[in-house]
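Undergrad: I'd like to go over a predicted model; first the sequence, then the structure.
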Amino acid sequence: MKIDEAKIQEIYEALPEPLLAWYRGSARDLPWRRDREPYHVWLSEIMLQQTRVEAVKLYYTRFLAELPTVEALAATPEEKLLKLWEGLGYYNRARNLQKAARAVVQEYGGRFPDSCETLLSLPGIGAYTAGAVASICFEWPSPAVDGNVLRVLARLCLDFRCVDTPEVKRDVTQRLAAIYPEGHCGDFSQALMELGAVVCVPNGAPKCDACPLARLCLARQSQKEQDLPVKAKKKSRKIQTLTVFVLRCPQGTALCKRGPAGVLSGLWELPNVEGFLPEAAAFRTAANWGVLPEYVEKRVERRHIFTHIEWHMRCYFIACAHPSEQFFWAEPAALENDIALPTAFKKILE
């Protein structure tokens, strides 16, 4: 269904006034909205990728208590950084966070560059994050277009194009950039995000009665709001089966490091092999590792979902007599306080 171009332009031009008025009276009190410090805004935007707001609040507060400045982040040991990130997932986000922090310190004297184009040159910063920091912190008319914003605009304009395509994102970005209100760019970016997060929601019916843009919305007028946005069909996840070993002796629990490529690259893990092993074969595998297995304490089944892969895990807890040098043997206090263990493995221990 093609909508008249003049009508779309009219909708865009009408957005700022009601949206800003609504945001000023309805915005959630979130810790990263209490100032416009680029380090804080950038950190929150990276944390919020693929993570719920309520979970990020705790991580954000704890992270800044430990690493209050971009210089502290740049200098911290990676193991400490990953421990602070433990449970947020997508650990390359944390590694890129530190790479970007080091670039800010080394190349810009600890001050974040204030243009969207320069922000894009920093590791781990894409168009959305650059737009968010540039608009919120520096008042540039640089749209931050994510799934929330695309959903809002698709419904407002009754736009049945697939929002996952670069062309649609580029079109929305250009249209928004032209109507950003001078002096209120940061609030406008956050208002669009907020509307998509709490009113024009992704799951279930949008809360149209509470929407400040309801009178403009073509999807509501056509009763098509739940048909939008149109998204590309997701590919089915690849299923991978693993046998995971919780090898325990008085010196601790056996850990090893994953390889440099693939899922959870370079992180600590519980020893594991591909496929499901029966108990006798698992016991022999542990014996081949030189840990002198004594008996199987228990077996549990676990599942963990990544973006494109789903792990089905058969987990054997095995009491051992010898802390083989093949592994690092982590004491409980180290697991709790120092070692970042990905959630896929941590849920087994819990």
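TA: All right, it came through fine.

Undergrad: Was I right to think F328 contacts C256?
TA: Yes. Taking contacts as Cβ atoms under 8 Å, F328 lies within contact range of C256: 6.8 Å. Quick note: C-beta positions are derived from backbone N, CA and C, even for glycine.

Undergrad: what touches both of those two?
TA: W268 (Cβ atoms under 8 Å, 6 or more residues apart in numbering).

Undergrad: need the contact list for the residue lying farthest from the centre of the chain.
TA: Most distant residue from the mean C-alpha position of the chain: E294, 41.3 Å away (Cα atoms, centre = their mean). Residues in contact with E294 (Cβ under 8 Å, 6+ apart) are 318-321.

Undergrad: what separates the closest residue to G147 other than its chain neighbours from L15, distance-wise?
TA: Residue nearest to G147 in three dimensions, not counting chain neighbours: P202, with 7.0 Å by Cβ to Cβ, 6 or more residues apart in numbering. To L15, P202 is 20 Å away according to Cβ to Cβ, to the nearest Å.

Undergrad: Ramachandran coordinates for the closest residue to R175 other than its chain neighbours?
TA: Nearest non-adjacent residue to R175, counting by Cβ to Cβ, 6+ apart: Y12, 5.2 Å away. Phi and psi for Y12, reported as degrees, to the nearest 10, are phi -60, psi -50.

Undergrad: Now do the contacts for Y12.
TA: Neighbour list for Y12: 175-176, 178-179 [criterion: Cβ under 8 Å, 6+ apart].

Undergrad: go on, K231?
TA: K231 is in contact with 162-164, counting by Cβ under 8 Å, 6+ apart.

Undergrad: V133 now?
TA: 38, 41-42, 45, 112, 119, 125 are the contacts of V133 under Cβ under 8 Å, 6+ apart.

Undergrad: Quick check: what element follows the helix or strand hosting R170 along the chain?
TA: Counting by DSSP states H and E, the element that carries R170 is helix 166-177. Using DSSP H and E, the helix or strand that follows helix 166-177 towards the C-terminus is helix 185-198.

Undergrad: mean confidence score for that following helix?
TA: Mean pLDDT, computed over helix 185-198, is 97.

Undergrad: Buried ones in that helix, by neighbour count?
TA: Residues 185-197 are the ones in helix 185-198 that count as buried (16 or more other Cβ atoms under 10 Å).

Undergrad: from the residues you listed, which single one is nearest V244?
TA: Checking the buried residues of helix 185-198 against V244 with Cβ to Cβ, the nearest one is A197 at 36.1 Å.

Undergrad: Would you agree that closest one is in contact with D146?
TA: No. Here A197 does not reach D146: they are 9.9 Å apart, not a contact under Cβ under 8 Å.

Undergrad: if we can go back for a sec, name the nearest of the contacts of K231 relative to E107.
TA: Minimum distance to E107 across these is 33.7 Å, recorded for D164 (Cβ to Cβ).

Undergrad: Can you give me every residue that contacts that closest one?
TA: So D164 contacts 231-232 (Cβ under 8 Å, 6+ apart).

Undergrad: What residues sit buried inside the helix or strand containing A74?
TA: For A74, the element it lies in under DSSP H and E is helix 70-75. The neighbour-count check on helix 70-75 (16+ other Cβ under 10 Å) flags 70, 73-74 as buried.

Undergrad: Stretch 306-317 now?
TA: Residues 311, 313-317 are the ones in stretch 306-317 that count as buried (16+ other Cβ under 10 Å).
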